[in-house]
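*Asks:* Give me a model of this one.
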Amino acid sequence: MVYQWLGWAQLIQALSQSSLAFLSNIYDIERYEELRMICAEIKDLFMNDTGYQTPKVDVRGDSFQVMKVL
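*Replies:* Here you go, the predicted structure:
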């Protein structure tokens, strides 16, 4: 997959965001916030989400794929 790294960034961001919703240890919070910031550098659209990570429908298109109506 050409954009496998983007999937990894989304997964790391989701795990970080979910963890931040339940952590109380300041050191763990700092670590997960740092991971979230790294993901934000890759894709800044993640930072608008807060709280527990839930599945969302994604409608972004890939410029290298043929767009089809589902």
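
*Asks:* Check the secondary structure at Thr50 for me.
*Replies:* coil (DSSP: H, G, I helix; E, B strand; the rest coil).

*Asks:* number of nearby residues for it?
*Replies:* 9 (other Cβ atoms under 10 Å). (Each C-beta comes from the backbone N, C-alpha and C, glycine too.)

*Asks:* Low-confidence regions, this structure specifically.
*Replies:* 1-3, 43-49, 53-70 (pLDDT under 70).

*Asks:* Just say helix, strand or coil for Ser24.
*Replies:* coil.

*Asks:* any idea how far it is from Gln4?
*Replies:* 34 Å (Cβ to Cβ, to the nearest Å).

*Asks:* what does Ile42 give?
*Replies:* 12 Å.

*Asks:* can you give me the helices in the chain?
*Replies:* Counting by DSSP state H, the chain has these helices, from start to end: 4-20, 26-42.

*Asks:* what comes up buried for the first one?
*Replies:* Right, the one you point to is helix 4-20. For helix 4-20, burial by neighbour count (16 or more other Cβ atoms under 10 Å) applies to Ala9, Gln10, Ile12, Gln13, Ala14, Ser16, Gln17, Ser19, Leu20.

*Asks:* For Leu35, state which of those residues is nearest.
*Replies:* Ser16 (4.4 Å; Cβ to Cβ).

*Asks:* roughly how far apart are the closest one and Ile26?
*Replies:* 15 Å.

*Asks:* again, but for Gln17
*Replies:* When Gln17 is compared with Ile26 (using Cβ to Cβ), they lie 18 Å apart.

*Asks:* wait, doesn't Leu20 sit right on Leu35?
*Replies:* No. Using Cβ atoms under 8 Å, Leu20 is not in contact with Leu35; the gap is 9.5 Å.
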